[in-house]
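[1] Predicted model follows, preceded by the sequence.
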Amino acid sequence: MPVPGVSVCTPVYNRHLIPAQFVANHAPAGSPAIMPTYLGNGYAIAVVGTGPRGISILERIGARLLGKRPVRPLTIYAIDADEVGSGRVWRSGQPRCLSMNNRSGEVTMFSGPADDGAWRPGAGPTFAEWWQRMDARFPGPDAYASRSLYGRYLRFVLDVVETNLPPDVGLVRIPGLVSGIEKRGGRFELLVGDHVIACDQVAICSGHPREQPDRSVLAGWTNPERHQRRTASRASDDAGRRGVFPGSVIGVLGLGLTFHDVVAMLTVGRGGRFVGRGQDCEYIPSGEEPDLIVAGSRSALPIPTRGASQRPFSFRYAPRLFTPERIARLRSAGPLDFRADVLPWLEAEENIAFWRRRLDPSSFALFERQLSSLPSSAADVMLRLRQAASDLGCDEALSLEDLAHPFRGRVFPNQGEFRGELERLLVNDAGEAMLGEVDSALKAALEVLRDVRPTVRAAVDFGGLTAASHKDFVERIGPMLAFLSTGPSVVRSYHLIALLRSGLLEILGPPARFTAHDDGFLGYSPSVADYIVSCSDVIDARIRPPDLERDAGPLTKKQRDAGAWRPHVRAGDPSFRTGGIDVTEAPYNPIAADGSVERRMYVLGIPTESTRWFMQVGIGRPGPWGEFFRDADAIAQAALSEIGLPGLPCEDGASVGPHDMDYCFGPQHPDEPPFPGSRTHGGMSWKTSCSTTR
C-alpha cells in the first residue's frame, strides 16, 4: 500500500499547510473504537510525546530506516496532547517573550551535520543554521531564541523525518492525550480520546506531569477553598494572561528559570518594554502590569547568568580529575556517598578551571604538574589543591554551597539594605557573564558543571548512591548543581536589574515565606527586619520533580495502579523512594511492581527523573554524540529490532536515497508576523532544493 506523501518516483514532497487530521471511526456506544494499523496488517511503533525527546527518537528511527525497506508495512504514530511535533513546553503558538536558555548555535535535533546531500535524518541543519535560512534578521548563533521558534524547528525536523521515510512506512500524527495503555494479544492498545491505537512498540516521552501533585507549600495554609495559582512547568503562560490584574501585588515563589518566564509574562507580555543595554537598561511600563511583583526562594538568589559565548559549539571539555574513569573505579566498590566520595572531585575540577584564569600562565603550568601527584583520597584533594594554588599566589577558591547560598547565615536590618546587597551581587554576576565563559574565572568554572553532567550521571544513575546519599542528592545537591549551571542569558539578568531599580520587582531575603492571610498572602523573610508585604495571589514558579505515586495524570495513574510502573527505590535503612519511574539501563524499559520488565515499552526523559539525573535536557549538541542522541538511538534500535530491514531496491540503476523537500512553514501563528525576507504562501513557505542550494 503506498504511503501518502512519500513516493519512490517523486523526489519532492509537498507538505500540506495544515497536517491532515487524525480520522478514525467512532466506537459504538459504550466502547472505544480500535484504530487499525495504518498500513494493512503491518507493524506499528508509537511515540507518546513529541517534545525534543520524542522527536529525537523519531529522528533516529528515520535515520536507521534510510536506504532500507521493511519486510512488512510499518506505521509510526507521533502522538501529543498539545502540539504534534513540538510538544507542550516548546509549542509554536506561545508568547515570544518566553525564551530558551541555550544559544541557538549549540542546539541541534539532527544526529549528524548537514552535508552536500538533501536534509535527512542523521544529516540536517543545526537550529542556528535553520534560523539563518528562515530569517533575514537572524541575530547570529550566540542568540537565545524564543521557545516558540524552537518549537517550529522541532516541527521542521519531524517533517524531514516524514519526507525521507522509505516505501511501506508511514507517519501518522495524532493530536490527543493518551489516557491508558492495555496489552492484549502481545500488542499495546493506547487509549486516545475515544479511540484505541494498536501498536507493537511504544516509547513514552511525556515530559513534565500534566497535573502537579496537590501540595500545600505555603505556611499557614488553612482554607481548602483557596486556590493557589501555580506555574506547573516552564510551559505555562497563564500567569501573565489570566487572573493577574493591573494594580495588584503578586508573589512569586522560586527564582529559577520559571521565575524569569513569569516576570516576562507580567511585564513584556503585557506591553512593557526594555530600552538601553547592559547597566543602562531601563524598563518602560505599559500600565497593565501589577503594581508590584514580590519574589523569593530559600536562598534569595536569582539563578546565575551564563557566561557569554567564547567556545566553539562543538567544544567538549576534557576533565583532569573528575573523569568517567575515576567515577567508574569508585562505583565498582559499591554504592557511593556523593557528598563524601564524589563532590570533592567535582569541586576540584571546577576550581582547576577557576585557577587557570586566576593564575598567570607560568604559575598555572607549575600547578598542573602537581595534579599527577595528588592523593587518591577525596577527603584530601581540595586541601592539597588550595595549598598549591595559594603557594603560587591565589588564595581564592570556589565553594558550590557558597555560590548557591551567598546570604546564608546573614541578617539584614531592613529591606533596603538587603536590596542593595542583592543588586551589587547581580551586577557583579552580569559583569562576569559579559567577560565570557572563558575569560571570566567564575563563569569558566560554572561552565564546567554543564560539561561534566554525564559524569555526574555516571555516579548517580541506576542506584549508584546509597539510599541516604541519593535522598541528599535529589533534595539538595542535584538541584544546586542544576541551579548553578542552567542560567539565562545576560540580557535577561540585566532586565531583572532594571525591574529592581524601577521598583516593579522586589526580592525577599532568605528564606522567603508566603503565609495565607485574610483574602491574600503575606510575604516576608525572617532574615530581613521590618518588611512584610501583602499579596493578592502567589504564583508557584518552582518546577517539581515527577512523583509517580502522587501524579494524577490519567496515563500515569492507570499504569501505577495496574502495577505496570513502579517508582525507583534505593534500598537501605531506611530506604529512599523516589518519584521517578523505575527503568532498566538503555533502552530504558519500565520495571513493573512485580519486578518484570516490559521489553517493548520505553520511558525516556522527565518521567524517569531521580532514577536518572537531569532529564529535562531538551536539546542535542553539534559534534560528537552525547547522551541525548545515544539515548534516542538505543530506543530506535530496540524498536526496530523485530522488523526485517533489507536494502531498498534500485530504480534505473540508482539507489533510492533521501528526498529533497518543498517545505512550508505554517500554519503561521496569528500573533507571529512573517519574517522579513521570507516568501509567503498561505503560511510561511520556503522552498529548498537541498542538493543545489546548500
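    Okay, I see it. Model, not experiment: these values are computed from the prediction.

[2] Relative to residue 576, how far out is the closest residue to residue 394 other than its chain neighbours?
    With CB to CB, 6 or more residues apart in numbering as the criterion, residue 394 has its nearest non-adjacent residue at 4.6 Å, and that residue is residue 358. For every residue, glycine as well, the C-beta is placed using N, CA and C. Note on residue 358: its distance to residue 576, by CB to CB, to the nearest Å, is 39 Å.

[3] Run through who's touching the host helix or strand of residue 427.
    Using DSSP states H and E, residue 427 sits in helix 415-435. With CB atoms under 8 Å, 6 or more residues apart in numbering as the contact definition, helix 415-435 has outside contacts at 278-279, 300-302, 304-308, 406-407, 412, 440, 442-443, 490, 493-494, 496-497, 500-501, 506-507, 509, 525, 527-528, 530-531.

[4] What's the PyMOL line that selects buried ones from the residues you listed?
    Applying 16 or more other CB atoms under 10 Å to those, the buried members can be selected in PyMOL as follows:
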select buried, resi 300+301+302+304+305+306+307+308+407+412+440+442+443+490+493+494+496+497+500+506+507+509+525+527+528+531
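
[5] Which ones among the contacts of helix 415-435 lie within helices?
    Among the contacts of helix 415-435, the members found in helices (DSSP state H) are 442, 443, 490, 493, 494, 496, 497, 500, 501.

[6] Show the pLDDT at the closest residue in space to the first one that isn't next to it in sequence.
    So the one you mean is residue 442. Spatial nearest neighbour of residue 442, excluding adjacent residues (CB to CB, 6+ apart): residue 432 at 4.8 Å. The model reports residue 432 with a pLDDT of 98.

[7] Please tell me how far residue 432 sits from residue 490.
    Using CB to CB, residue 432 is found at 9 Å from residue 490.

[8] Overlap in contacts, these two.
    Counting by CB under 8 Å, 6+ apart, the common neighbours of residue 432 and residue 490 are residue 305.

[9] Pull the contacting residues for residue 486.
    So residue 486 contacts 101, 256, 257, 303, 450 (CB under 8 Å, 6+ apart).

[10] And it, its phi and psi?
    Dihedral pair for residue 486: phi -120, psi 30, per degrees, to the nearest 10.

[11] try residue 457
    The phi/psi pair for residue 457 (degrees, to the nearest 10) is phi -60, psi -40.

[12] quick one: it and residue 613 touch, right?
    Yes: counting by CB atoms under 8 Å, residue 613 is a contact partner of residue 457 at 5.1 Å.

[13] Give me the more crowded residue out of these two.
    residue 613 (23 against 17; other CB atoms under 10 Å).

[14] Surely that one is in contact with residue 458?
    No: using CB under 8 Å, residue 613 is not in contact with residue 458, being 9.8 Å away.

[15] does the closest residue to residue 84 other than its chain neighbours count as helix, strand or coil?
    Counting by CB to CB, 6+ apart, residue 173 is the residue found nearest to residue 84 once chain neighbours are left out, at 4.3 Å. Under DSSP: H, G, I helix; E, B strand; the rest coil, residue 173 falls in the strand class.

[16] so what's residue 173 scoring on pLDDT?
    At residue 173, pLDDT is 97.

[17] same deal with residue 360?
    So residue 360 comes in at 96 (pLDDT).

[18] For it, which non-adjacent residue is spatially closest?
    Spatial nearest neighbour of residue 360, chain neighbours left out: residue 393 (8.0 Å); criterion: CB to CB, 6+ apart.

[19] show me what contacts the one you found?
    Applying CB under 8 Å, 6+ apart to residue 393 gives the contacts 359, 360, 363.

[20] go on, residue 292?
    249, 250, 503, 504, 505, 506, 533.

[21] Out of the residues you listed, which two sit at the greatest distance?
    250 and 503 (14.3 Å; CB to CB).

[22] For these two, indicate the residue with more neighbours.
    Each of residue 250 and residue 503 has its neighbours counted (other CB under 10 Å); residue 250 has more, 26 against 10.

[23] ok, the helix or strand hosting that one: who's next to it in the sheet?
    Assigned by DSSP H and E, residue 250 falls within strand 249-253. Applying DSSP bridges, strand 249-253 is found paired with strand 292-296 (parallel), strand 537-540 (parallel).

[24] right, and residue 257 touches residue 489 too?
    No: using CB under 8 Å, residue 257 is not in contact with residue 489; the gap is 11.1 Å.

[25] joint contacts of the two?
    With contacts defined as CB under 8 Å, 6+ apart, the residues shared by residue 257 and residue 489 are residue 101.

[26] residues near residue 595, how many?
    8.

[27] Residue 582 versus that one, what's the distance?
    10 Å.

[28] Tell me the pLDDT of residue 519.
    Value for residue 519, per-residue pLDDT: 85.

[29] Can you mark which positions in stretch 555-567 are buried?
    555, 556, 557, 558, 559, 560, 564, 565, 566, 567.

[30] ditto for stretch 368-382
    Buried residues in stretch 368-382 (16+ other CB under 10 Å): 378, 381, 382.

[31] start to end distance for that stretch?
    In stretch 368-382, first residue to last residue: 14 Å (CA to CA, to the nearest Å).

[32] Could you do stretch 95-112 as well?
    31 Å.

[33] Kindly report the same for stretch 328-346.
    End-to-end distance of stretch 328-346 (CA to CA): 14 Å.

[34] quick one: average pLDDT of it?
    Average pLDDT, stretch 328-346: 97.

[35] Also stretch 289-301?
    Here stretch 289-301 scores 97 as its mean pLDDT.
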